[in-house]
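Asker: how would this look folded up:
(one chain, ligands or ions: 3)
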Amino acid sequence: MPILVMKFGGTSVATIDRIQRAAKRVSLEVAKGYDVIVIVSAMAGKTNELVGWVGETSPLYDAREYDAVVSSGENVTAGLMALRLQEMDVPARSWQGWQVPVKTTSAHGSARIEAIPTDNILKKFAEGMRVAVVAGFQGVSPEGRITTLGRGGSDTTAVAFAAAFDAERCDIYTDVDGVYTTDPRLCEKARKLDRIAFEEMLELASLGAKVLQTRSVELAMRYKVKLRVLSSFEEPSDAAGTLVCDEEDIVESNVISGIAHSRDEAKMTLISVADRPGIAAAIFGPLAEAGVNVDMIVQNISEDGRTDMTFSCPTDQVLRAQTALEAARDAGHINFHDLDCDNGVAKVSAVGIGMRSHAGVAAKMFKVLAEERINIKVITTSEIKISVLIDRKYMELAVQALHDAFGLDKAA
Ligand code: ADP
Ligand code: ASP
Ligand code: MG
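Answerer: Ligands and ions are numbered 1, 2, ... in the order given. Purely as a prediction, here's the structure:
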């Protein structure tokens, strides 16, 4: 029988009632003749609560124990979903990551899936089971410890299962009815896209559009998974949602296809570091070892052999970054006068494959922000995106102004 992967995010399984509604949707696909692999997230808010408990208990926590705690939300929803399906006379069984097993690297907190053996689940399908409910977001390391795939990781679980089982499609059910030109919660003029290219979705996701985890888009692109994002709250329909597809399958598109934002950014500046060969390695090596995800980097011009080095990272990694840099200084590897930390910044980015062939997008973006009197603190660009770091209090204004200026409310 053909296999379908259906993933339900946190809001879609937030209550017993919603689990029931999601189970109903699954049963409709079973009735059409599919064997279904359901990937579930934890109930909405649960993972945040667990992350909070870990931080309260141990600010610079051991990542293995973080994973032990934070993965548990998905175990509950997987069991409940299987029970609900059984109540509806649909043969279903739940699996936690280690039981499949979803084999991952041992990078706790942001592990990557390395292999998903299909034999266990396929054997059950052959015996008449119709739905395998798998706890998303989690796996098992080569050392046999529980791992998690990074926030939003259930999307990646879903796409990885779709690839491993050669599923006909991977449907991501969430609380919006597709991928929009920008976060519809931030900008009421945001427009739903029927299709979006993998490359654009990849950039939007990595720049903060949390509707899909970045890694899930990477996997879908690599393994040619038919990936759809749709709402679990709307009536089922074959044309619903947004299809993430190859660039060639999109007929027309705007120069800019979307605006992404990332709210919880911090900007850290090492003031007066020696400007010498190897200084960047001496700073960013310890940060990488401490698990800090450095994003933008700027080095100032140097004066009298000294310079300032600025970088951005998520706000919840500031303490880790500070600790790592101070340890490197105490060990004599680097030397700086001061460490300045601005916890109140956000990143706003414009993304579009049309940028490859259109000049002037950056200039227009800077002009729009200038007209709103928004100061730009750091800029980075790539072939299909421009990102700026600004004061967080202007983030929504910037998103809305850019959305208007690039005419994203209208189709091309
Ligand atoms: P789930 O719990 O289902 O995984 P998420 O909260 O992770 O859902 O992702 C869905 C959310 O992503 C939406 O509620 C929306 O606020 C946000 N979002 C950000 N950017 C976009 C975008 N461009 N299109 C759609 N949703 C977006
Ligand atoms: N529950 C996890 C999180 O909130 C994984 C997910 O929902 O995708 O990050
Ligand atoms: Mg999500």
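Asker: which residues touch Met221?
Answerer: Met221 makes contact with 198-199, 202, according to CB atoms under 8 Å, 6 or more residues apart in numbering. C-betas here are computed from N, CA, C, even on glycine.
Asker: what about Leu207, distance to Gln86?
Answerer: Distance check for Leu207 against Gln86: by CB to CB, to the nearest Å, it reads 41 Å.
Asker: show me what contacts Ile121?
Answerer: The contact partners of Ile121, by CB under 8 Å, 6+ apart, come to 37, 95, 100, 132, 165.
Asker: between those, which is nearest ligand 3?
Answerer: Distance to ligand 3 across the contacts of Ile121 (CB to the ion) is lowest for Ile37, with 17.6 Å.
Asker: and the contacts of Met221, which of them are in helices?
Answerer: Counting by DSSP state H, the contacts of Met221 place 198-199, 202 in helices.
Asker: okay, the residues you listed in TSV with neighbour count and distance to Arg373 next?
Answerer: Below are those laid out as TSV (neighbours: other CB atoms under 10 Å; distance: CB to CB, whole Å):
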residue	neighbour count	distance to Arg373
Phe198	19	36
Glu199	20	33
Leu202	23	32
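Asker: show me what contacts the residue lying closest to Ser71 once chain neighbours are set aside?
Answerer: Of all residues not flanking Ser71 in the chain, Gln138 sits nearest, at 4.1 Å (CB to CB, 6 or more residues apart in numbering). By CB under 8 Å, 6+ apart, the contact set of Gln138 is 67, 71, 74, 96-98, 102, 146-149, 153, 157.
Asker: Among the residues you listed, which ones are in helices?
Answerer: Those of the contacts of Gln138 lying in helices (DSSP H): 67, 74, 157.
Asker: how many other residues sit next to the nearest residue to the last one once chain neighbours are set aside?
Answerer: With CB to CB, 6+ apart as the criterion, Thr157 has its nearest non-adjacent residue at 4.1 Å, and that residue is Gly136. For Gly136, the count of nearby residues is 31 (other CB atoms under 10 Å).
Asker: Distance check, whichever residue of the stretch 1-150 of the chain sits closest to ligand 1 against ligand 3.
Answerer: Ligand 1 sits closest to Gly9 of the stretch 1-150 of the chain, with a gap of 1.7 Å, by CB to the nearest ligand atom. Separation of Gly9 from ligand 3 (CB to the ion, to the nearest Å): 5 Å.
Asker: Show the pLDDT at that residue.
Answerer: With respect to pLDDT, Gly9 has a value of 98.
Asker: and what of the one 3 residues further on?
Answerer: For Ser12, the pLDDT comes out at 97.
Asker: What parts of the stretch 151-300 of the chain come near ligand 3?
Answerer: Taking CB under 5 Å from the ion as the contact definition, the stretch 151-300 of the chain meets ligand 3 at Gly152.
Asker: Which stretches in the stretch 151-300 of the chain count as strands?
Answerer: Taking DSSP state E, counting those that start in this stretch as the criterion, the stretch 151-300 of the chain carries its strands at 169-174, 195-197, 227-231, 242-245, 258-274, 297-299.
Asker: which bits of the chain sit near ligand 2?
Answerer: Within reach of ligand 2 by CB under 6 Å from any ligand atom, the chain has these residues: 9-10, 41-42, 47, 73, 136-137, 151-155.
Asker: which two in those are spaced the farthest apart?
Answerer: Gly73 and Asp155 (15.2 Å; CB to CB).
Asker: Neighbour count: those two, which is higher?
Answerer: Counting neighbours by other CB under 10 Å for Gly73 and for Asp155 shows that Asp155 has the greater number, 31 against 27.
Asker: isn't Pro314 right next to Ala266, touching?
Answerer: Yes: counting by CB atoms under 8 Å, Pro314 does reach Ala266; the two are 7.0 Å apart.
Asker: hmm, back to that, how about TSV for the contacts of Gln138, with neighbour count, distance to ligand 1 and pLDDT added?
Answerer: Shown next, in TSV, are those (neighbours: other CB atoms under 10 Å; distance: CB to the nearest ligand atom, whole Å; pLDDT from 0 to 100):
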residue	neighbour count	distance to ligand 1	pLDDT
Asp67	27	19	98
Ser71	25	16	98
Glu74	30	12	98
Gln96	20	19	98
Gly97	28	17	98
Trp98	19	22	98
Val102	28	18	98
Ile146	22	20	98
Thr147	31	19	98
Thr148	26	14	98
Leu149	30	13	98
Gly153	27	10	98
Thr157	31	11	98
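Asker: so which of the residues you listed would you say is closest to ligand 3?
Answerer: Nearest to ligand 3, judged by CB to the ion, of the contacts of Gln138 is Gly153 at 8.4 Å.
Asker: so what's that closest one closest to, chain neighbours aside?
Answerer: The shortest distance from Gly153 to any non-neighbouring residue, by CB to CB, 6+ apart, is to Phe137 (4.2 Å).
Asker: ok, now which ones touch the one you found?
Answerer: Residues near Phe137 by CB under 8 Å, 6+ apart: 41-42, 47, 71, 74, 97, 148-149, 153-154, 157.
Asker: List the buried residues for stretch 366-380?
Answerer: Within stretch 366-380, the residues scored as buried using 16 or more other CB atoms under 10 Å are 368-369, 374, 377-378, 380.
Asker: In CSV: these, plus secondary structure, pLDDT and distance to ligand 1.
Answerer: Output for those, formatted as CSV (DSSP: H, G, I helix; E, B strand; the rest coil; pLDDT from 0 to 100; distance: CB to the nearest ligand atom, whole Å):
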residue, secondary structure, pLDDT, distance to ligand 1
Val368, helix, 98, 19
Leu369, helix, 98, 20
Ile374, coil, 98, 20
Lys377, coil, 95, 22
Val378, strand, 95, 21
Thr380, strand, 94, 19
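Asker: Most tightly packed of the strands of the stretch 151-300 of the chain?
Answerer: strand 169-174 (a mean of 25; mean count of other CB atoms under 10 Å).
Asker: and the strands of the stretch 151-300 of the chain as CSV, adding mean pLDDT?
Answerer: As requested, the strands of the stretch 151-300 of the chain are exported to CSV (pLDDT from 0 to 100):
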stretch, mean pLDDT
strand 169-174, 97
strand 195-197, 93
strand 227-231, 97
strand 242-245, 95
strand 258-274, 97
strand 297-299, 94
